[in-house]
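> can't give you the sequence, but here's the structure:
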């Protein structure tokens with residue numbers, strides 16, 4: 001999410017100020033003076049176009065970061081344009097700048113910049129090759145704590161190590177390379193997908209268990225209904241009838257012997273959350289939404305691009321779903337049971353979107369949520 005979008009969505013400048021003050025206090029143990037008024041202190045440029053905050057001249061690490069972020073796949077014109085824009089703006093950070101701010105002299109390290117994200121703000125130090133992540137001021141810390149507790153408990157070679165952490169922040173190494181969504185070489189991209197799937201399968205194998213399908217479906221439906229009621233009050237959601245129609249389309253299983261294999265999964269397992277470093281190693285990151293779901297969910301999100309508008313249409317129309325059984329210990333499903341599998345993934349996805357929206361302050365995210373629900377509804381209802 002770009003700063004320009006955050007400015008429209010939230011009280012960005014107040015949040016930025018409060019979070020920077022919190023960061024220096026909580027992480028570095030020092031007080032900082034912060035102001036948007038011209039005066040004493042180190043000046044930082046707030047660039048809304050590419051979403052960074054940095055001193056001038058821009059640090060070398062910023063160019064490295066932006067060039068990796070704007071390594072656009074597929075289209076050579078967009079690729080060259082993205083590289084050119086990243087190069088020019090990192091050389092002249094005032095291009096696209098919307099405002100400046102000032103913080104106490106001597107506290108801005110060399111080769112340092114700030115990168116706000118959806119719920120957190122990241123502080124990059126390319127000299128030490130570390131990045132600190134802290135929850136945005138005023139935002140719920142549920143997702144942050146969820147990720148932190150998971151990473152404290154589990155350690156795999158496809159996850160970045162936690163170097164240090166506190167109640168509202170953690171420190172990890174800076175990844176060098178590209179998000180998989182930005183990898184241009186087809187062979188490298190395919191290897192990244194294969195490696196990431198292997199990582200998810202390892203986690204699934206270590207946390208695998210089976211639960212009664214009828215009970216699992218009913219629990220998902222109950223959670224969705226409860227969260228819809230929250231969303232109506234807190235987020236002014238108006239698409240509840242579509243949601244109820246969607247959950248009613250999932251038939252309750254009466255077959256007592258049928259079970260759902262569940263595991264600890266990523267939750268938002270898409271190519272934007274997979275990274276390929278300069279040595280060709282694949283990493284899975286952004287574990288905010290990690291939790292117990294069916295073993296089919298993560299694979300469906302990635303293979304059918306469920307986070308994109310066309311994803312659910314493709315998933316619903318697919319008759320052969322054997323490709324999402326990667327983490328399943330059973331393969332002999334019949335056609336009727338594949339319908340139930342689709343329904344369970346649907347319920348889990350509805351719950352994902354509800355949680356994602358509810359955890360944002362005020363009415364933020366309501367319009368995106370309702371648009372996603374309408375897209376899913378069209379795909380399900382038209383198919384039926």
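Arrived safely. Quick caveat, the model's predicted, so the values are computed rather than measured.

> what's residue 111 in contact with, if anything?
59, 60, 61, 125, 126, 127 (C-beta atoms under 8 Å, 6 or more residues apart in numbering). C-beta: built from backbone N, CA, C; applies to glycine.

> Tabulate these (JSON lines), appending pLDDT.
Below are the contacts of residue 111 laid out as JSON lines (pLDDT from 0 to 100):
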{"residue": "59", "pLDDT": "90"}
{"residue": "60", "pLDDT": "88"}
{"residue": "61", "pLDDT": "91"}
{"residue": "125", "pLDDT": "96"}
{"residue": "126", "pLDDT": "95"}
{"residue": "127", "pLDDT": "95"}
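
> Could I have the buried ones of the residues you listed as PyMOL selection syntax?
Entered in PyMOL, the line below selects the buried ones among the contacts of residue 111, by 16 or more other C-beta atoms under 10 Å:
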select buried, resi 59+61+125+126
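
> Which pair in the contacts of residue 111 has the greatest spatial separation?
Taking C-beta to C-beta as the measure, the contacts of residue 111 span a maximum distance of 12.2 Å, between 60 and 125.

> Could I get the full set of helices for the stretch 51-200 of the chain?
Taking DSSP state H, counting those that start in this stretch as the criterion, the stretch 51-200 of the chain contains helices spanning 60-69, 76-91, 142-153, 186-207.

> So which bits of the longest one are buried?
Spelled out, that is helix 186-207. 189, 191, 192, 193, 195, 196, 197, 199, 200, 201, 203, 204.

> and it, what does it pack onto?
Judged by 3 or more C-beta pairs under 8 Å, 6 or more residues apart in numbering; DSSP states H and E, the packing partners of helix 186-207 are strand 259-265, strand 274-277, strand 282-284, helix 297-303.

> Format the buried residues of helix 186-207 as TSV; extra columns: distance to residue 282.
Converted to TSV, those look like this (distance: C-beta to C-beta, whole Å):
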residue	distance to residue 282
189	11
191	7
192	5
193	9
195	4
196	5
197	10
199	7
200	11
201	13
203	14
204	17
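
> And the pLDDT at residue 86?
At residue 86, the model reports a pLDDT of 69.

> Quick check: which ranges of the protein have low pLDDT?
Residue ranges of the chain with pLDDT under 70: 70-83, 86, 90, 252-256, 382-384.

> Next, the residue nearest the centre of it: phi, psi?
Central residue of the chain (C-alpha atoms, centre = their mean): residue 286, 5.5 Å from the mean position. Here is the backbone geometry of residue 286 (degrees, to the nearest 10): phi 60, psi 70.
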